[in-house]
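S.K.: just to be clear, the model below is a prediction. Sequence and coordinates:
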Amino acid sequence: MGLGGISIWQLVIILAIVLLLFGSKKLRNIGGDLGGAVKGFKKAMNDGAAEEDTKKIEKQEDAAFTAEDTEKADADKEKADK
């Protein structure tokens, strides 16, 4: 028994029919196009994740910079009050 009740021989027959209908060159092109699409999708997902990481780092740097500015402003205010 093969995949979902389909035997190996039935899969071979289906593959032969598809090969006769489309031809090997067209199937090769379809496979290449599908592979390129998957590769592009993975690249886009990785670029999106890297972009999100960059935004998080920038926000953390901005928050740290703001906290430092607040502390300096408070220290300067205390010095001015004295």
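M.R.: Received it, and whenever you're ready, just let me know what you need.
S.K.: low-confidence ranges in the protein?
M.R.: Per-residue confidence of the chain (counting by pLDDT under 70) places the weak regions at 1-3, 60-73, 81-82.
S.K.: can you give me the helices in it?
M.R.: 8-22, 24-81 (DSSP state H).
S.K.: include mean neighbour count when you put those into JSON lines, please.
M.R.: In this view, the C-beta of every residue, glycine as well, is placed from N, C-alpha and C. Putting the helices of the chain into JSON lines (neighbours: other Cβ atoms under 10 Å) gives the following:
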{"stretch": "helix 8-22", "mean neighbour count": "11"}
{"stretch": "helix 24-81", "mean neighbour count": "10"}
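S.K.: which residue lies nearest the spatial centre of this protein?
M.R.: The central residue of the chain, meaning the one whose C-alpha is nearest the mean C-alpha position (Cα atoms, centre = their mean), is residue 45 at 1.2 Å.
S.K.: how close does residue 46 sit to residue 33?
M.R.: Applying Cβ to Cβ, to the nearest Å, one obtains 21 Å for the distance of residue 46 from residue 33.
S.K.: could you do residue 40 as well?
M.R.: Using Cβ to Cβ, which is the criterion applied here, residue 40 is 11 Å from residue 33.
S.K.: and what of residue 55?
M.R.: 33 Å.
S.K.: likewise for residue 8?
M.R.: As judged by Cβ to Cβ, residue 8 and residue 33 stand 28 Å apart.
S.K.: same thing with residue 52?
M.R.: From residue 52 to residue 33 the distance is 29 Å (Cβ to Cβ).
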